[in-house]
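**Q** got a predicted structure plus its sequence, pasted below:
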Amino acid sequence: MNDIRTNLDERLNLIETRLLEMTELVAERVGLVTSAMLEGDVDAADALVAGDDDIDLLSMQVEEGCIDTLVREQPVASDLRFVVAALHMNSDVERSGDLVTNIAKAVGRLQGAHPDDRVRDLVVRMSVQAQLLMRRGAEAFRSRDAELAESIDELDDVLDDLHYRYIQHVITDARRGDLDPQQSLQLALVGRFYERIGDHAENIGERVRYIVDGWMPEAQAAERARARASGVEPDRPTRGLAVIDSIAQERRVDAIRRDFVANVSHELKTPVGAMSLLAETLAGDQDASDRSRLTDMLQKEAKRVENIIDDLLELTRLEEAADARSDVRVDEVVERAVEAVQAFADTHGVAVAVVGLPTDEVIRGERRQLVRAVANLLDNGVRYSDAGQTITVSVEPIEDGVAVTVKDEGVGIPRAELERVFERFYRVDRARSRETGGTGLGLAIVRHVAQNHGGRVLVESKPGEGSSFTMQLPRSGGES
Ligand code: ADP
């Protein structure tokens, strides 16, 4: 073998060794940070934060090794594949290291939190699973085993499931008042960090498959898109293509989810930031009237976090909706919804009028969801109206169904924004929405509920004159 090839092999070996070292280090640190967290050991957590430098150093070495190989050696196609994959894996492992650091940073902020045994148990299991995922990634890479790499996806499903159960428990604890909002939020974030380590391990598995057999879903999807654009209808998909299609679909869903999570974190950041500032000020303030004012503000911010979490939970529930359905009387839905917002309307000096009741209308569906949707519309009506104005809720038969309309005389919505108000976290006037405790999720829930019931939501509005939201729902018996 000539010199060039020897050098190249040495470089590639070095890259591989460093990557494997790094992955093992991260896996180890996942275990350590979990113990630090469960024991509330802030010193150990601080040491872990400092230790992130070791990973960064390895990561730099891998990157330099890759770049040197590209620049100085003469890699052939399969080496190139290795180098490209190594660069990607490097960033996945490095980010996983950052996630460990994030967990370590949360340890200090969690001081005093006493998650119950169930939550602790789930933390341990998420941690074990995340370590397993990282090590499986390393093993698949070391042995260049595409099948082993594929098995990572299943391991990640288990982690996702643990994470889901964990979040449910954290929220239950928060509701019961066992944890304050700040602690709950830290715990929620910690769970998310473990889950994301799993996502990175999944990426590593994909890269291994790329090294082994050039499997690259993005490139293949792009190729199909090009073929479609040029008018060449691709052949009937073979089984292989169909699999890739479903992977592309999963990736889209994944991208949407990531986007959504980024939004949520952003939305929560503001109130949580405000809360910690207020808490700090409060701690240093002796004046009784200041303290009570600060406490009020603190409570308002906490309420905001709670509202967002409530709405998020509701959305999650809706997305999974397979609840038992029954015949629901529309009159009852409207009455319950009005009841739910009456006090809120009273404090704002807004009147609520009900028109068109009683009716015999019945919808097949889930009562709680329907009440929540109508209540959300009424709640918006109140928040975007001024004192002295009236909101009218009416029920009308339409072809094949029934329409529930909530109409207000409030600020209205500009035409260009009408479609967008149903998007999660979209707000026409952020300041007003914040001011009145809006989460930006209310209408997303309404649309979901309508769709879950085979119906839809329509909106009409004129700035300065008011808005009217209509839910059209199919009548019970109209569908199977
Ligand atoms: P939010 O919690 O911010 O009210 P929603 O999803 O319920 O979130 O509504 C999204 C946006 O749509 C609001 O921020 C507001 O700008 C606009 N909007 C919703 N309902 C009304 C209404 N009845 N009148 C005027 N604007 C409204």
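**A** Nice, thanks for sending it over.
**Q** from here on, just use CA atoms for contacts and neighbour counts.
**A** Will do.
**Q** look up phi and psi at residue 48.
**A** The phi and psi values for residue 48, taken as degrees, to the nearest 10, are phi -70, psi -40.
**Q** same question, residue 287
**A** According to degrees, to the nearest 10, residue 287 has phi -70, psi 130.
**Q** if I look at it, how far off is residue 293?
**A** Distance, residue 287 to residue 293, by Cα to Cα, to the nearest Å: 10 Å.
**Q** more neighbours: which of the two?
**A** residue 293 (12 against 9; other Cα atoms under 10 Å).
**Q** distance check, the more buried one against residue 432.
**A** Plainly put, residue 293 is 21 Å away from residue 432 if you go by Cα to Cα.
**Q** cool, residue 391 as well?
**A** Remark: distance between residue 391 and residue 432 (Cα to Cα) = 18 Å.
**Q** with neighbour numbers in mind, choose between these two.
**A** Between residue 391 and residue 432, residue 391 has the larger neighbour count (other Cα under 10 Å), namely 25 against 13.
**Q** wait, the more buried one sits on residue 408?
**A** Yes: the criterion here is Cα atoms under 8 Å, and residue 391 meets it with residue 408 at 4.5 Å.
**Q** common neighbours of the two, please.
**A** Residues touching both residue 391 and residue 408 (Cα atoms under 8 Å, 6 or more residues apart in numbering): residue 381.
**Q** how many other residues sit next to residue 39?
**A** For residue 39, the neighbour count with other Cα under 10 Å is 11.
**Q** from the stretch 101-250 of the chain, which residue is nearest to the ligand?
**A** Nearest residue of the stretch 101-250 of the chain to the ligand: residue 181, at 19.7 Å (Cα to the nearest ligand atom).
**Q** burial count for that residue?
**A** When neighbours are defined as other Cα under 10 Å, residue 181 has 20 of them.
**Q** go on, residue 175?
**A** By other Cα under 10 Å, 15 other residues sit near residue 175.
**Q** got it, and the one 3 residues further on?
**A** The local packing of residue 178 (other Cα under 10 Å) involves 17 other residues.
**Q** from residue 172, how far out is it?
**A** Residue 178 is 9 Å from residue 172, by Cα to Cα.
**Q** with residue 439 instead?
**A** Applying Cα to Cα to residue 439 and residue 172 gives a distance of 20 Å.
**Q** and those two? Which one has more around it.
**A** residue 439 (25 against 14).
**Q** helix/strand/coil for that one?
**A** coil (DSSP: H, G, I helix; E, B strand; the rest coil).
**Q** separation between the residue of the stretch 151-300 of the chain found nearest the ligand and residue 274?
**A** Proximity of the stretch 151-300 of the chain to the ligand (Cα to the nearest ligand atom) peaks at residue 267, 11.3 Å away. Distance, residue 267 to residue 274, using Cα to Cα: 12 Å.
**Q** again with residue 301
**A** Distance from residue 301 to residue 274, by Cα to Cα: 7 Å.
**Q** which one of the two is surrounded by more residues?
**A** Using other Cα under 10 Å as the criterion, residue 301 and residue 274 rank with residue 301 on top: 22 against 15.
**Q** may I ask which helix or strand encompasses the more buried one?
**A** Using DSSP states H and E, residue 301 falls within helix 288-319.
**Q** what comes up buried for that helix?
**A** For helix 288-319, burial by neighbour count (16 or more other Cα atoms under 10 Å) applies to 291, 294-295, 297-298, 301-302, 304-312, 314-315, 318.
**Q** again, but for stretch 407-414
**A** Buried residues in stretch 407-414, counted by 16+ other Cα under 10 Å: 407, 408, 409, 410, 411, 412, 413.
**Q** which one is the fourth one nearest to, not counting chain neighbours?
**A** Setting aside the residues directly before and after it, residue 410 is nearest to residue 385 in space (Cα to Cα, 6 or more residues apart in numbering), at 3.9 Å.
**Q** contacts only, for that neighbour.
**A** Per Cα under 8 Å, 6+ apart, neighbours of residue 385: 350, 408, 409, 410, 411.
**Q** ok, the second one - contacts?
**A** Applying Cα under 8 Å, 6+ apart to residue 408 gives the contacts 381, 385, 389, 390, 391, 392, 466, 467, 468.
**Q** which SSE is the residue of the stretch 151-300 of the chain closest to the ligand in?
**A** helix 239-283.
**Q** and if you look at residue 83?
**A** Residue 83 belongs to helix 77-109 when assigned by DSSP H and E.
**Q** C-terminal to that helix, what's the next element?
**A** Next helix or strand after helix 77-109 toward the C-terminus (DSSP H and E): helix 117-143.
**Q** and the one helix or strand residue 13 maps to, how far out from the chain's middle?
**A** Residue 13 is part of helix 3-39, with elements assigned from DSSP H and E. Mean C-alpha position of helix 3-39 versus that of the full chain (Cα atoms, centre = their mean, to the nearest Å) differs by 29 Å.
**Q** tell me the angle that helix makes with helix 117-143.
**A** Orientation note: helix 3-39 sits at an angle of 170 degrees relative to helix 117-143 (axes from the mean of the first three to the mean of the last three Cα atoms, to 10 degrees).
**Q** where does the prediction get shaky in the chain?
**A** 1-5, 112, 215-263, 265-266, 270, 316-324, 434, 437, 478-480 (pLDDT under 70).
**Q** secondary structure element for residue 336, which one?
**A** Residue-wise, residue 336 maps onto helix 330-347 under DSSP H and E.
**Q** no, scratch that, I was asking about residue 476
**A** Assigned by DSSP H and E, residue 476 falls outside every helix and strand.
**Q** what about the residue in the stretch 251-400 of the chain that the ligand sits nearest to, helix or strand, and which?
**A** In the stretch 251-400 of the chain, no residue comes nearer to the ligand than residue 381, which is 4.1 Å away by Cα to the nearest ligand atom. In the assignment (DSSP H and E), residue 381 maps to helix 367-383.
**Q** I'm done for today, thanks for sticking with me.
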